[in-house]
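Asks: Next comes the sequence, and after it the predicted model I'd like to discuss.
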Amino acid sequence: MLKLPLRAVLVACALTLGGCAAGARSELMVAAAPTAFAAEHQLRNSVAMQGVQGGEDTNPLLSSNIANDQFQAALEQSMRNAGLLASSDEAARYRLSASMQELNQPMVGLDMSVTITVRYTITPVAGGAPIFDAPVRATGVGRLSQAFAGTERLRIANEAAARENIAEFLRQLQARVPAASIAPVS
């Protein structure tokens with residue numbers, strides 16, 4: 001049986017090598033905007049965030065996660081960069097909600113690959129059927145060359161997966177929602 005001081009040293013070494021887990025940060029999940037949506041596009045400056053759900057706060061003793069508020073901040077900034085975010089809730093013609101459905105993370109690894117699936121729904125404020133309602137799946141990698149500690153590589157992979165997920169959502173949105181206004185559904 002190990003004596004108490006030796007146990008304390010071993011635990012301290014393990015924590016130093018492993019590090020404490022940190023949650024994904026919004027500023028590192030912001031997607032590079034695809035070609036900006038044209039000025040005449042129906043979504044230009046007309047979408048407000050309804051909310052994000054399904055995320056999870058990080059427990060520093062366990063593994064890195066993506067919190068709802070951090071993902072929402074990244075999504076809002078990405079929408080702003082693409083020219084889609086409304087100046088206020090009152091000015092919005094559409095509401096965007098996002099639901100994180102799946103976050104697949106490795107337990108260990110040198111290069112860590114994380115896959116995230118988020119369902120995005122855009123509905124007209126006036127009511128009617130959604131103009132976009134689809135799950136988007138993307139993967140991000142945290143490489144050993146980016147961080148020695150596994151907890152940091154996992155955070156980097158989470159951020160990369162979320163960033164790519166938001167970018168893929170914007171690409172799909174641009175491809176699937178026509179620039180011309182859709183007649184409201186009663």
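Replies: Alright, I've got the coordinates.
Asks: same for the longest strand seen in the chain, what does it pack against?
Replies: Assignment by DSSP state E gives strand 112-124 as the longest strand of the chain. In terms of contacts (3 or more C-beta pairs under 8 Å, 6 or more residues apart in numbering; DSSP states H and E), strand 112-124 is packed against strand 94-104, strand 132-142, helix 150-176. (Glycine included, C-beta is placed from N, CA and C.)
Asks: Pairing partners for it, with directions?
Replies: With DSSP bridges as the test, strand 112-124 is paired with strand 94-104 (antiparallel), strand 132-142 (antiparallel).
Asks: buried ones in that strand?
Replies: Under the neighbour-count criterion of 16 or more other C-beta atoms under 10 Å, strand 112-124 has Met112, Ser113, Val114, Thr115, Ile116, Thr117, Val118, Arg119, Tyr120, Ile122, Thr123, Pro124 buried.
Asks: how about the helix or strand harbouring Gln70: buried residues?
Replies: Secondary-structure element containing Gln70, defined by DSSP states H and E: helix 68-81. Residues of helix 68-81 classed as buried by neighbour count (16+ other C-beta under 10 Å): 68, 70-81.
Asks: ok, the residue nearest to His41 when sequence neighbours are not counted - how many residues close by?
Replies: Spatially, and ignoring its direct neighbours in sequence, His41 is nearest to Ala179 (4.5 Å; C-beta to C-beta, 6 or more residues apart in numbering). For Ala179, the neighbour count with other C-beta atoms under 10 Å is 13.
Asks: Just say helix, strand or coil for Ala179.
Replies: State at Ala179, reduced to three classes by DSSP: H, G, I helix; E, B strand; the rest coil: coil.
Asks: quick revisit: need the strands paired with strand 112-124 in JSON lines (columns: distance to Leu173, mean pLDDT and mean neighbour count).
Replies: Listed next are the strands paired with strand 112-124 as JSON lines, based on distance: least, C-beta to C-beta, whole Å; pLDDT from 0 to 100; neighbours: other C-beta atoms under 10 Å:
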{"stretch": "strand 94-104", "distance to Leu173": "9", "mean pLDDT": "94", "mean neighbour count": "18"}
{"stretch": "strand 132-142", "distance to Leu173": "6", "mean pLDDT": "95", "mean neighbour count": "17"}
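Asks: export these to JSON lines and tack on distance to Ala39?
Replies: Formatted as JSON lines, these follow (distance: least, C-beta to C-beta, whole Å):
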{"stretch": "strand 94-104", "distance to Ala39": "17"}
{"stretch": "strand 132-142", "distance to Ala39": "20"}
